[in-house]
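Student: Need the 3D shape of this:
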Amino acid sequence: MARIHTCLLLMLSLLLGCDVPVAGNEKTPAPSTWIGGTLRLDDGSAEPGGPAFLFRFACDDPPPPAGSGLPQDFVVVPEESFDGASAPFVFPLVPADACYLLGGFVDRDRDFHYAYSATSQATAGDLAVAATQVEVGQLAGDWIEPVTGMILRANTLVEIERPAFRTIGLSSGVAEVPGLSLDPAGSPIGDALFGLESRDVESDLVDVTAPFFTVVFAPDGDGDGLPDDLNGDGIPEILWPRIAIRRLEPTDPQALTLSDPTVQLAALPLPFNPLDPADPAWDLIAQALALGIPFDGQSVLPATSLALLVPGLVVTSLEPLELTPIADVAASGAEVLGRYQILVMNSTGQTWSLPNELSQYGEDDQGSPFLVEMPAD
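Tutor: Numbering: from 1, shown residues only. The predicted structure is shown next:
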């Protein structure tokens, strides 16, 4: 009877407009707002030619090529929602007091899929949406002012494909799984030296035609006709593409998840094959000179082969860059053995990584990781 009286009193208080305290718990969502506006086709197109995918990034964790950030969320703008050259968009449930970058692309070849690294980015023929910064205000009482009236502009044709590649031996020219062997003290038994070779992909998941690496050399500041050696190692510097070799979660059987915390190895792209410096297939400086591509820190040499050196150093800081011997990192208690992802980022911001999901679609060389291991006794 007392429970019935309590319920009646609660109902009466609601009818009379009295305040009823409501306490949140760990499942109560945090206060949020929304960002809305219009996506415009600014390339002269009258129709989109496909759906658009818009992404929200944190300003301090930007996407390629400015950084390696992943989107915090994304929204789909269906093709049918366009009225001529414009369509509305809304990002719901946006946290307050933060800076975001909004960007994306119009998927004109209709091959986007959010769940796969090989299909979750712009491809040749798509229309890129210029990144736009937006500030979301603070929570004021129980209200966050929404951001409205934003204009996003799709205005840049994506001209090249992602840098799809396989790993090969520099001396053999055949596919191989590269890696570092460590001695019992954790020091590398020599450097890892191998090649990346671009390759077409034709599969049930995604097709890639005529990919290449966007090689950008350091500028020729001293006027000797060659790219400068910026880090003093005696080798002309390659600014792009950028390479990241990061440890994978050992419990993931598909080898697609980065470990947490991850370990990133230093990787140095080389302008030639150290095993055969005169080999024209790997001599990128000679290729640039033959094509008349200037060494200005911006011009792109489209390359299909890239030699890579991994010296057994761990990147312990990016800003400023700090490298630590892998033996010292292992001695600190960090786990360094296992499989690593090889990620290539072109100057366009497009990426490709090994291993990737294509290994499940019959592309065996797309499942090859970089290995750090101790040789068996």
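Student: from what I can see P250 touches S259, true?
Tutor: Yes - using Cβ atoms under 8 Å, P250 is in contact with S259, at 7.1 Å. Placement of C-beta: from N, CA and C, glycine included.
Student: Which one's more surrounded, these two?
Tutor: Applying other Cβ atoms under 10 Å to P250 and S259 shows that S259 carries more neighbours, namely 19 against 13.
Student: ok, the residue nearest in space to the middle of the chain - contacts?
Tutor: Nearest residue to the geometric centre of the chain (Cα atoms, centre = their mean): S68, 4.8 Å. Counting by Cβ atoms under 8 Å, 6 or more residues apart in numbering, S68 makes contact with A244, L343, M345.
Student: how many other residues sit next to R56?
Tutor: When neighbours are counted by other Cβ under 10 Å, R56 comes out with 19.
Student: cool, and the one 4 residues further on?
Tutor: Using other Cβ under 10 Å as the criterion, D60 is surrounded by 10 other residues.
Student: mind checking the SS state of A286?
Tutor: On the three-state scheme (DSSP: H, G, I helix; E, B strand; the rest coil), A286 is labelled helix.
Student: one step back: now the common contact residues for P250 and S259.
Tutor: By Cβ under 8 Å, 6+ apart, P250 and S259 have these common neighbours: E335, G338.
Student: Tally up the residues packed near the nearest residue to G190 once chain neighbours are set aside, please.
Tutor: Spatial nearest neighbour of G190, chain neighbours left out: S181 (7.5 Å); criterion: Cβ to Cβ, 6 or more residues apart in numbering. As a burial measure, S181 scores 14 neighbours (other Cβ under 10 Å).
Student: now the contacts of S68 as CSV including neighbour count?
Tutor: Converted to CSV, the contacts of S68 look like this (neighbours: other Cβ atoms under 10 Å):
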residue, neighbour count
A244, 19
L343, 22
M345, 22
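Student: Nearest to G195 among the residues you listed?
Tutor: L343 (16.2 Å; Cβ to Cβ).
Student: Roughly how far does the closest one sit from S368?
Tutor: In this view, L343 and S368 are 13 Å apart by Cβ to Cβ, to the nearest Å.
Student: what secondary structure does N155 sit in?
Tutor: Per three-state DSSP, N155 ends up strand.
Student: Surely it touches D43?
Tutor: Yes - judged on Cβ under 8 Å, N155 makes contact with D43 at a distance of 5.3 Å.
Student: what do these two both touch?
Tutor: Applying Cβ under 8 Å, 6+ apart, one finds that N155 and D43 are jointly contacted by L127.
Student: Quick one: residues contacting L323.
Tutor: Contacts of L323 (Cβ under 8 Å, 6+ apart): A266, L313, V314, V315, T316.
Student: To clarify, my last question referred to A66.
Tutor: Neighbours of A66 in contact, by Cβ under 8 Å, 6+ apart: G349.
Student: Show the model's pLDDT score for it.
Tutor: pLDDT for A66: 88.
Student: next one: the one 4 residues further on
Tutor: On the pLDDT scale, L70 is placed at 89.
Student: OK, contacts around it?
Tutor: F57, D61, P63.
Student: Count the residues that sit near the closest residue in space to the second one that isn't next to it in sequence.
Tutor: The one in question is D61. Using Cβ to Cβ, 6+ apart and skipping residues adjacent in sequence, the residue nearest D61 is G69, 3.5 Å away. Counted with other Cβ under 10 Å, the neighbours of G69 add up to 16.
Student: isn't G69 right next to P63, touching?
Tutor: Yes - with contact defined as Cβ under 8 Å, G69 counts as touching P63 (5.3 Å).
Student: what do these two both touch?
Tutor: F57.
Student: L323 versus G125, what's the distance?
Tutor: 39 Å.
Student: which stretches of the stretch 151-300 of the chain form strands?
Tutor: Assignment of strands within the stretch 151-300 of the chain using DSSP state E, counting those that start in this stretch yields the ranges 165-168, 179-181, 192-198, 201-202, 207-208, 213-217, 238-240, 242-247, 264-265, 268-270.
Student: Would you mind giving those as CSV with distance to E363 and mean pLDDT added?
Tutor: Conversion of the strands of the stretch 151-300 of the chain to CSV gives the following (distance: least, Cβ to Cβ, whole Å; pLDDT from 0 to 100):
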stretch, distance to E363, mean pLDDT
strand 165-168, 9, 97
strand 179-181, 20, 96
strand 192-198, 14, 97
strand 201-202, 7, 92
strand 207-208, 11, 92
strand 213-217, 19, 98
strand 238-240, 25, 97
strand 242-247, 20, 96
strand 264-265, 24, 97
strand 268-270, 24, 97
